[in-house]
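Q: sequence? don't have it. structure:
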């Protein structure tokens, strides 16, 4: 609907510009005023994006994985064959000086032979929980579903967390 209105407006402007020399002058004045305003809006938008990126970088550097303590962690495979949704559960205690807002864990699944001598990585997934909000000195449950696709048949599988991405609350 919006596209139709825009097309009709452009056609109307073209028609009026061809039949009315006075409208052409008004159109040129409007365009001359709109271009600097559009450029200023673009500069403001770029500055806002850079500020947001800077805040995000700071938020991701305040709390280290060593500041968090995960206990009672379990990884559950899908409940039915053919499904790809896994679940990780644990309790995370925040030992940092900042409140944690969100956490993303990179989880690696390995499949081993019967003797545990030959293990190979068969899948990697990211379990992300936004709006987790763990105040400093407190603990919260971390219970997240995430997808792992195209896994071979798992005989004797193991898992580990290979990376933590932690975003702290902006201390402002």
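A: Perfect, I can see it now. Computed from a prediction, not measured in an experiment: that's the story for all the values here.
Q: domain assignment for this protein?
A: The chain breaks down by automatic domain parsing into domains covering 2-61, 65-168.
Q: Next up, phi/psi of residue 86, please.
A: Torsion angles at residue 86 (phi, psi; degrees, to the nearest 10) stand at phi -100, psi 170.
Q: Now that it has come up, it's in contact with residue 148, right?
A: Yes: look at residue 86 against residue 148 with CB atoms under 8 Å: they come within range, at 5.3 Å. Quick note: C-beta positions are derived from backbone N, CA and C, even for glycine.
Q: Adding mean neighbour count, write the domains of the chain out as TSV.
A: Formatted as TSV, these follow (neighbours: other CB atoms under 10 Å):
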stretch	mean neighbour count
domain 2-61	11
domain 65-168	15
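Q: Which one of those domains has the poorest average confidence?
A: Mean pLDDT values for these show the minimum at domain 2-61, a mean of 80.
Q: before we move on, the earlier item: give me the common contacts of residue 86 and residue 148.
A: residue 125 (CB atoms under 8 Å, 6 or more residues apart in numbering).
Q: Surely residue 122 touches residue 149?
A: No: Residue 122 lies out of contact with residue 149 (CB under 8 Å); the separation is 11.0 Å.
Q: Name the helix or strand for residue 131, please.
A: Following DSSP states H and E, one finds residue 131 outside all helices and strands.
Q: mind listing the helices for this protein?
A: Along the chain, the segments classed as helices by DSSP state H run 2-19, 21-61.
Q: What spatial separation is found between residue 125 and residue 148?
A: Per CB to CB, to the nearest Å, residue 125 is found 5 Å from residue 148.
Q: hey, what's in contact with both of those two?
A: 86, 109.
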